[in-house]
Each structure stands twice: as structure tokens, then as C-alpha cells.
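1. Can you look at this prediction? I've put the sequence above it.
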Amino acid sequence: MKNIVKLLAVFVLIGTCLVSCKNSEEEKQQAKNTSETTEKEVKTETEKEAVSSTTKVLNVNLATEADLNTLGLSSEIISQILEKRPFLNMNDLDAMLQGVNKEELYKKMFVPFNLNNTAEDDFKIIPGVGDRMAHEFEEYRPYTSVKQFKREIGKYVDENEVERYLNYVFVPVELNTASEDDIKALPGVGNRMAHEFEEYRPYSSMSQFRKEIGKYVDDKELKRLERFVYLKEK
């Protein structure tokens with residue numbers, strides 16, 4: 001009888017050890033899974049932040065003096081930029097900038113190119129755009145919308161890269177037929193101004209556009225906005 005009791009005690013002890021070991025392994029695995037999940041989440045957030053940081057490119061015509069001061073530019077260059085704005089062409093700004101690392105600077109600030117009339121070689125000023133991509137930008141002209149640009153260029157690069165390109169280019173819109181979304185896609189044109197663009201349709205001339213939109217913005221801003229629009233010839 002004593003032997004049976006001892007044997008049962010041994011079995012109970014072994015069972016307790018097995019359960020304890022199993023629980024310990026499960027806790028370790030759970031901790032490992034939690035750690036891996038946390039690492040993945042951190043990595044994902046880091047990747048998102050990296051993408052976000054690479055896509056924040058200041059539009060020189062819209063940047064504040066405080067914005068420009070963050071770019072490491074000299075006070076003399078900043079004064080020149082503020083005085084000569086709006087730049088109607090990136091080439092004008094490019095010619096003005098001397099003694100700076102343009103490749104690095106253009107990752108942070110730019111004047112968007114018109115996709116339909118910019119020379120192919122000029123597209124190469126855009127960081128990360130080489131011979132092949134500059135050719136593809138030119139290949140699909142004329143662009144009628146940003147959606148078309150995304151669709152065509154999306155054949156060659158991923159969505160994040162297409163979005164990055166949109167810091168550097170725009171598709172001009174036809175004043176009387178462009179959708180509200182296409183108007184809002186223009187640099188620095190928000191909901192209110194998109195509404196005003198549509199409010200005065202149909203436009204019979206660019207003079208009418210200047211007259212009506214000039215009620216809301218000053219001459220410099222009107223000059224900037226004018227480069228984004230056109231009217232179909234009758």
C-alpha cells in the first residue's frame with residue numbers, strides 16, 4: 001500500500017512538473033510573439049515615418065520664411081526667394097541658386113513642373129528621376145488628369161514613389177471641364193479656391209479668369225494660379 005502511495009505521489013509530482021514546464025514554455029512563446037509584434041509595429045511606424053519624411057517637399061512659392069529657414073539656406077538666398085516669388089518655372093529658381101547642394105536641397109523644396117510642357121531633360125532635376133523615368137514622364141503626354149499620371153507611371157514604380165513624384169509635378173486643368181478632384185490636385189489649391197474656380201464657369205477667356213479669381217487673391221497669387229489652368233481653343 002505504501003508503495004502505491006509513493007508511486008501516486010511520484011506521478012503527481014511529474015504531472016505538476018510537466019504542467020509547470022508547459023506553462024513556462026507558453027509564457028516564453030507568448031512573450032516572444034509579443035516582442036515580435038512590437039518590433040513589427042515599430043518597424044512599420046518607422047517605415048511610414050520614413051515615407052512621410054521623404055514626401056514632404058516644400059513648394060517654394062507657398063513656403064513661409066520660417067519654412068525656408070529650416071533648409072539651411074543663407075539669409076541672402078532666402079531674401080531673394082521671397083522677393084522673386086512666384087517662380088513660374090523651376091528653371092528660374094535653379095538658375096538663381098548658387099553654391100548649394102541642389103541634389104539634397106531639392107529633396108526638401110521645389111517648384112512643381114508642368115507635366116505637359118516641361119522638357120524631358122528638365123525632369124531629371126527631380127531627385128531620383130533619371131533618364132528612363134524622365135522619358136516615361138514625357139512618353140504619356142498629354143496628361144489630362146493626375147489619375148492618368150498615377151496609372152501610367154504606376155506601371156514602373158510603387159504607389160509611394162508615385163506620390164513622391166507628385167511633389168514635383170502637376171497636370172494643368174481645363175477651366176470649364178476639369179473635375180473638382182483634379183482642381184484640388186493643383187499645388188496649393190484647396191477646397192475654397194476649387195469652389196471659386198467652378199463658380200464662374202463657363203469661362204470665355206483667361207481675362208475673365210483673372211478678373212473673377214482676382215477678387216480673392218493678390219496679383220502674385222493670381223499669377224501663380226494662372227500657370228495651372230488653360231481654356232480649350234474654340
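-> Thanks, I have the structure now.

2. pLDDT-wise, which helix or strand of this protein ranks last?
-> helix 2-55 (a mean of 47; mean pLDDT, DSSP states H and E).

3. Which neighbouring elements make contact with the helix or strand that it is followed by?
-> Of the helices and strands lying after helix 2-55 in sequence (DSSP states H and E), the nearest is strand 58-59. The helices and strands touching strand 58-59, judged by 3 or more Cβ pairs under 8 Å, 6 or more residues apart in numbering; DSSP states H and E, are strand 109-110. The C-beta positions use only the backbone N, C-alpha and C, and glycine is treated the same way.

4. residues in contact with the strand it packs on?
-> Taking contacts as Cβ atoms under 8 Å, 6 or more residues apart in numbering, the residues outside strand 109-110 that touch it are 57, 58, 59, 60, 63, 68, 71, 90, 126, 167, 168.

5. can you redo the residues you listed as TSV with pLDDT and neighbour count?
-> Written out in TSV, the entries for these read as follows (pLDDT from 0 to 100; neighbours: other Cβ atoms under 10 Å):
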residue	pLDDT	neighbour count
57	97	18
58	97	17
59	97	19
60	98	21
63	97	19
68	97	20
71	95	16
90	97	21
126	98	24
167	97	21
168	98	22
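
6. Identify the farthest-apart pair in those.
-> Farthest pair in the contacts of strand 109-110 (Cβ to Cβ) is 68 and 126. Separation: 19.7 Å.

7. The residue lying closest to residue 116 once chain neighbours are set aside: neighbour count?
-> Counting by Cβ to Cβ, 6 or more residues apart in numbering, residue 142 is the residue found nearest to residue 116 once chain neighbours are left out, at 5.1 Å. Neighbourhood size, residue 142 [other Cβ atoms under 10 Å]: 10.

8. Also the one 4 residues further on?
-> Other residues lying near residue 146 total 21 when counted by other Cβ under 10 Å.

9. what does residue 157 give?
-> As a burial measure, residue 157 scores 15 neighbours (other Cβ under 10 Å).

10. Please determine how far it is located from residue 219.
-> Distance from residue 157 to residue 219, counting by Cβ to Cβ, to the nearest Å: 38 Å.

11. Kindly report the same for residue 233.
-> Summarising the geometry, the distance separating residue 233 from residue 219, computed by Cβ to Cβ, is 26 Å.

12. quick one: which of these two has more around it?
-> Neighbour count, other Cβ under 10 Å: between residue 233 and residue 219, residue 219 has more, with 10 against 4.

13. What is the burial count for residue 160?
-> Tallying neighbours of residue 160 according to other Cβ under 10 Å, which is how burial is gauged here, yields 15.

14. Let me fix that, I meant to ask about residue 113.
-> Counted with other Cβ under 10 Å, residue 113 comes out at 20.

15. That one contacts residue 120, correct?
-> No - Residue 113 is beyond contact range of residue 120, at 10.8 Å (criterion: Cβ atoms under 8 Å).

16. so who does the residue nearest to residue 111 when sequence neighbours are not counted touch?
-> Taking Cβ to Cβ, 6+ apart as the measure, residue 111 lies nearest to residue 90, with 4.2 Å between them; neighbours along the chain are not counted. With contacts defined as Cβ under 8 Å, 6+ apart, residue 90 is in contact with 110, 111, 112, 113, 122, 125.

17. still on that earlier bit, nearest to residue 195, out of the contacts of strand 109-110: which one, please.
-> The closest of the contacts of strand 109-110 to residue 195 turns out to be residue 59 (Cβ to Cβ; 20.9 Å).

18. Surely that closest one touches residue 189?
-> No - between residue 59 and residue 189 there is no contact under Cβ under 8 Å: 11.2 Å.
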